[in-house]
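Trainee: next comes the sequence, and after it the predicted model I'd like to discuss.
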Amino acid sequence: MPPKSTKSNQSTGVTSPSGYLLTCDPPMKQFIINLNDKKLADKKFILEDLDATHLLIKGDVRDEITRKVDEWMDENVFSTIERVGENLDTS
């Protein structure tokens, strides 16, 4: 999804933020919120928490979030071969 453009409201001089609408399940959303909470105030990337499955995030951190989510998923996905304590016959 292309980023929403940053537009200046001529009458008030207010600039609206540019960002992406991120849709995910609640556990993934909580992981992303946790990533955001670990950042310094000026580096936070969540613009708005919309509902249980949607966040508005800054456009410039999209790749970073994707990378962090991929790493988290790789760490937390297990195959039957990785199960501990079982005698698995792989022949």
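Mentor: Looks like it came in fine.
Trainee: ok, and for the strand or helix carrying Asn34, which residues are buried?
Mentor: If you go by DSSP states H and E, Asn34 is part of helix 26-37. Judged by neighbour count using 16 or more other CB atoms under 10 Å, the buried positions of helix 26-37 are Met28, Lys29, Phe31, Ile32, Leu35, Asn36. Just so you know, the C-beta spots here come from the backbone N, C-alpha and C atoms, and that holds for glycine as well.
Trainee: ok, now how distant is the fifth one from Lys58?
Mentor: Distance, Leu35 to Lys58, using CB to CB, to the nearest Å: 12 Å.
Trainee: hmm, who's touching the helix holding Asn34?
Mentor: Here helix 26-37 makes contact (CB atoms under 8 Å, 6 or more residues apart in numbering) with 22, 24, 44-46, 49, 52-53, 55, 57, 65, 68-69, 72.
Trainee: out of the residues you listed, which is nearest to Phe78?
Mentor: Nearest to Phe78 out of those is Trp72 (CB to CB; 13.5 Å).
Trainee: please save the CA atoms from stretch 29-38 in PDB.
Mentor: This file holds the C-alpha atoms of stretch 29-38, laid out as PDB (Å, rounded to 0.1, in the frame of the first residue of the first chain):
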ATOM      1  CA  LYS A  29       0.200  -6.000  16.900                       C
ATOM      2  CA  GLN A  30       1.300  -6.400  20.500                       C
ATOM      3  CA  PHE A  31       4.800  -7.400  19.300                       C
ATOM      4  CA  ILE A  32       4.900  -4.300  17.100                       C
ATOM      5  CA  ILE A  33       3.700  -2.100  20.000                       C
ATOM      6  CA  ASN A  34       6.400  -3.600  22.100                       C
ATOM      7  CA  LEU A  35       9.000  -2.700  19.500                       C
ATOM      8  CA  ASN A  36       7.700   0.900  19.500                       C
ATOM      9  CA  ASP A  37       7.700   1.100  23.300                       C
ATOM     10  CA  LYS A  38      11.500   0.300  23.300                       C
END
